[in-house]
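Participant: Got a predicted structure plus its sequence, pasted below:
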Amino acid sequence: MTEVFQCRVDRKLAAKAKAIAKEIGTTPGEVVRLMFTQMVKRRAIPFPLQADSPEDEVLGPTARRARLWDEL
């Protein structure tokens, strides 16, 4: 038995994701099913969550912060 799962996603983001899914031979729905399957198996989100902001530099891994300081 299946269930319909709906969520709101920015239209441009959805279009880009759909195009990439098509390039790799799958669908956005299958990507979500795969992600949910892995999330249940691992009991965690199956990929690292990272911010895309300058503030992320402060919160990033210690080794990365050390490299940034060395570059300064």
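Facilitator: Okay, I see it.
Participant: Who are the packing partners of the helix or strand hosting Ala14?
Facilitator: Here Ala14 sits within helix 11-23, counting by DSSP states H and E. Other elements packing on helix 11-23 under the criterion 3 or more C-beta pairs under 8 Å, 6 or more residues apart in numbering; DSSP states H and E are helix 28-42. Where C-beta positions appear, they are placed from N, C-alpha and C, glycine not excepted.
Participant: ok, residues contacting the helix holding Ala14?
Facilitator: Val9, Thr27, Pro28, Glu30, Val31 (C-beta atoms under 8 Å, 6 or more residues apart in numbering).
Participant: what's the angle from it to helix 28-42?
Facilitator: 90 degrees (axes from the mean of the first three to the mean of the last three C-alpha atoms, to 10 degrees).
Participant: coming back round to it: for the contacts of helix 11-23, work out which two are farthest apart.
Facilitator: Largest separation among the contacts of helix 11-23 by C-beta to C-beta: Val9 and Glu30, giving 15.7 Å.
Participant: burial count for Arg33?
Facilitator: 14 (other C-beta atoms under 10 Å).
Participant: and what of the one 5 residues further on?
Facilitator: By the other C-beta under 10 Å criterion, the neighbourhood of Gln38 contains 13 residues.
Participant: looking at it, it is touching Pro46, isn't it?
Facilitator: Yes. Gln38 is in contact with Pro46 according to C-beta atoms under 8 Å; the separation is 3.8 Å.
Participant: May I have the predicted confidence score for Val58?
Facilitator: Model confidence at Val58, given as pLDDT, is 58.
Participant: coming back round to it: tell me which residues in the helix holding Ala14 are buried?
Facilitator: For helix 11-23, a neighbour-count test (16 or more other C-beta atoms under 10 Å) marks Ala21 as buried.
Participant: Fine, thanks again, bye for now.
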